[in-house]
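In: sequence and predicted structure are below.
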Amino acid sequence: MSETMKKSEPLVSKGRTANGKKGLVLLVVGIIVLVAIIAFLVMTIFVSPVKGSAWYGIFLTNGRTYFGHIVKQNSQTVVLRDVYYLQVQQIPPTEEGVEPQPQITLINVSDDLHSPESEMQISRAHILYVQKLKESSQVVTTIKQLSQE
């Protein structure tokens with residue numbers, strides 16, 4: 001009888017080892033899945049792509065204002081696409097005693113001398129505030145007219 005017990009002991013421990021290995025594999029796979037889920041959630045919270053066709057005005061600390069679509073943002077930067085800015089020129093008066101009139105023009109950033117792509121990464125440290133523009137905004141209306149030309 002003791003020989004039978006001795007023979008069955010290794011079988012029992014082999015079975016436990018096999019089950020232990022399966023449990024360990026399941027634990028490792030579970031941890032990997034959990035880490036992947038946490039990474040996905042962190043990426044969606046801190047790097048949130050903004051979808052849609054809304055136009056935004058980004059007002060910077062240096063006085064510049066850029067208009068475009070926010071396509072991505074995180075805790076450090078905002079990515080703006082289809083970027084426009086205002087250019088103000090003083091028109092000299094035609095008559096004496098009349099104040100010079102400012103002429104405001106909306107310029108696509110890609111039309112600049114160095115021909116950049118119409119996408120810009122803006123540091124949040126330089127942003128005063130961001131405003132979503134209405135579809136009826138004069139800026140949005142002008143941008144739509146310029147893009148049809």
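Out: Great, that's in hand.
In: just the pLDDT for I32.
Out: In this model, I32 is scored at 91, pLDDT.
In: tally of neighbours for it?
Out: By other C-beta atoms under 10 Å, 10 other residues sit near I32. Heads up, the C-betas are built off the backbone N, CA and C, glycines and all.
In: helix or strand right after the helix or strand that contains it?
Out: Assigned by DSSP states H and E, I32 belongs to helix 2-46. Once helix 2-46 ends, the next helix or strand along the chain (criterion: DSSP H and E) is strand 55-60.
In: buried sites along that next one?
Out: Residues of strand 55-60 classed as buried: W55, Y56, G57, I58 (neighbour count, 16 or more other C-beta atoms under 10 Å).
In: what distance do you get for the third one to Q76?
Out: In this structure, G57 lies at 20 Å from Q76, with C-beta to C-beta, to the nearest Å as the measure.
In: cool, and the first one?
Out: For W55, the distance to Q76 equals 23 Å [C-beta to C-beta].
In: what about the residue nearest to the spatial centre of the chain, distance to L80?
Out: Centroid-nearest residue in the chain: K72, 1.5 Å away (criterion: C-alpha atoms, centre = their mean). Distance of K72 to L80, computed by C-beta to C-beta: 9 Å.
In: just how off-centre is stretch 53-61 within its chain?
Out: Offset of stretch 53-61 from its chain centre (C-alpha atoms, centre = their mean, to the nearest Å): 13 Å.
In: again, but for stretch 107-118
Out: That offset, for stretch 107-118, works out to 21 Å (C-alpha atoms, centre = their mean).
In: domains in the protein, by residue range?
Out: Annotated domains of the chain cover 1-46, 55-148 [automatic domain parsing].
In: for the chain, longest strand please?
Out: Secondary structure of the chain per DSSP state E: the longest strand is strand 77-91.
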